[in-house]
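Q: For reference, the sequence and a predicted model appear below.
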Amino acid sequence: MCLAIPAKIIKLEGDMATVDVGGVKRTVSCLMVPDLKLGDYVITHAGFALHKVEEADALASIKLLRDLTSMVPPEGPGE
């Protein structure tokens with residue numbers, strides 16, 4: 001199962017970007033999404049940015065995921 005978590009672009013070098021997802025940094029290709037700039041949010045998969053996400057939508061998704069994870073007991077579901 002995959003979750004589409006928005007990643008913020010924090011560095012651009014040619015067709016490659018460094019993105020931040022909750023403090024975890026990854027390098028992804030931007031070849032599939034033209035005209036990205038620093039601060040944009042993208043959905044990534046398998047090392048590629050797949051599409052750009054509006055900042056308000058990205059922040060709402062991130063908040064929802066944080067809220068959901070805060071509801072899971074520390075020992076995990078069903079344990």
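A: Received, thanks. Just so we're clear, the structure is a prediction, and the values are computed from it rather than from any experiment.
Q: What are the boundaries of the strands in the protein?
A: Remark: strands assigned in the chain by DSSP state E are 7-13, 16-21, 24-29, 41-45, 48-53.
Q: so where's this structure uncertain?
A: Where the chain drops to pLDDT under 70, the residues are 1-2, 76-79.
Q: can you do 90?
A: 1-5, 22, 34, 61-62, 64-79 (pLDDT under 90).
Q: sorry, back to before: which of the strands of the chain is buried the deepest?
A: strand 41-45 (a mean of 19; mean count of other Cβ atoms under 10 Å). C-beta: built from backbone N, CA, C; applies to glycine.
Q: And that one, how far out from the chain middle?
A: Centroid displacement of strand 41-45 relative to its chain, using Cα atoms, centre = their mean, to the nearest Å, is 5 Å.
Q: what's the answer for stretch 7-25, then?
A: 9 Å.
Q: and if you look at stretch 23-42?
A: The answer for stretch 23-42 is 9 Å, by Cα atoms, centre = their mean.
Q: So L36 is in contact with H51, correct?
A: No. Between L36 and H51 there is no contact under Cβ atoms under 8 Å: 10.3 Å.
Q: overlap in contacts of these two?
A: Both L36 and H51 are contacted by V42, under the criterion Cβ atoms under 8 Å, 6 or more residues apart in numbering.
Q: just to revisit the earlier point, let me have the strands of the chain in TSV, extended by distance to P73.
A: Output for these, formatted as TSV (distance: least, Cβ to Cβ, whole Å):
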stretch	distance to P73
strand 7-13	27
strand 16-21	24
strand 24-29	23
strand 41-45	29
strand 48-53	30
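Q: closest to R66 out of the ones you listed?
A: For R66, the closest of the strands of the chain is strand 16-21, at 12.2 Å, according to Cβ to Cβ.
Q: Listing partners with orientation, what would you give for that closest one?
A: Partners of strand 16-21 in the sheet, by DSSP bridges, are strand 7-13 (antiparallel), strand 24-29 (antiparallel).
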